[in-house]
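Undergrad: how would this look folded up:
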Amino acid sequence: MKLKKTTKRLIIRPLDKNDYKAWLDANTKSLPPQNPWDIKKKEKNKLTKKEFLKIIKFHKKNLKEDEAYHFALFLKKNGSYIGIMSLMSVTRNIFQNAFLGYFIFNNHWRQGYAKEAGMAILKIAFNELNLHRVEAAINPKNKPSIALANSLGLTKKYLSRKHLYTDKKWNDFMIYAATSEEFGIKWKAVKKA
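TA: Residues are numbered from 1 along each chain as shown. Now for the predicted structure:
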């Protein structure tokens with residue numbers, strides 16, 4: 001299975017232990033949070049090599065157990081780490097579904113990187129991971145994420161009431177989704193050995 005993609009401007013792959021410096025630089029050079037959905041800067045004690053290796057270990061465990069696939073986004077031109085996209089909550093059997101999650105460090109916003117990475121991740125989802133459906137749960141007020149979902153070809157399906165527990169309360173989220181067929185990829189059941 002190929003979990004590395006190269007696009008016009010990006011290298012997309014799982015993080016590895018040699019990425020610590022790029023990860024540290026990204027976490028220390030981003031701007032203060034720009035909106036309610038922006039990630040908060042990590043505390044210095046969470047930016048150690050030991051903490052980074054815990055993240056790598058967690059990502060590898062998710063991958064091994066087919067629960068989630070995390071993809072680091074690096075700029076081709078200089079190797080800068082600019083964010084991450086994940087296919088999470090992978091469900092197999094009769095569902096063959098995952099949720100798309102993402103963040104781009106805010107000093108790299110509005111340059112089309114999320115769309116470029118998202119298109120590559122959807123191809124991995126449908127071609128390499130043999131998923132049939134990818135969903136994104138988006139806060140209805142998060143206009144940038146809604147615009148990204150639309151640009152990726154995900155369509156609004158429904159409002160899920162009290163869908164996620166965030167900010168110490170249950171919040172409604174819009175569910176956007178796309179199937180492999182909508183991307184021109186015929187889904188095939190995989191026979192287990």
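
Undergrad: okay, and the residue nearest the centre of the chain sits in which element?
TA: Closest residue to the average C-alpha location of the chain: Met85 at 2.0 Å, with CA atoms, centre = their mean. Using DSSP states H and E, Met85 maps to strand 81-91.

Undergrad: using PDB, list the CA coordinates for that strand.
TA: Extracted in PDB, the C-alpha atoms of strand 81-91 (Å, rounded to 0.1, in the frame of the first residue of the first chain):
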ATOM      1  CA  TYR A  81       6.100  20.800   7.700                       C
ATOM      2  CA  ILE A  82       2.900  22.800   7.200                       C
ATOM      3  CA  GLY A  83       0.200  20.600   8.600                       C
ATOM      4  CA  ILE A  84      -1.500  17.200   8.800                       C
ATOM      5  CA  MET A  85      -4.500  15.400   7.200                       C
ATOM      6  CA  SER A  86      -5.900  12.200   8.700                       C
ATOM      7  CA  LEU A  87      -8.400   9.600   7.700                       C
ATOM      8  CA  MET A  88      -9.800   8.700  11.100                       C
ATOM      9  CA  SER A  89     -12.300   6.400  12.700                       C
ATOM     10  CA  VAL A  90     -11.900   3.900   9.800                       C
ATOM     11  CA  THR A  91     -14.800   1.500   9.800                       C
END
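
Undergrad: sorry, back to before: next up, the contacts around the residue nearest to the centre of the chain.
TA: Ile12, His70, Phe71, Leu73, Leu100, Gly101, Tyr102, Ala114, Ala117, Gly118, Ile121 (CB atoms under 8 Å, 6 or more residues apart in numbering). Yep, even glycine has a C-beta here, placed from its N, CA and C like the rest.
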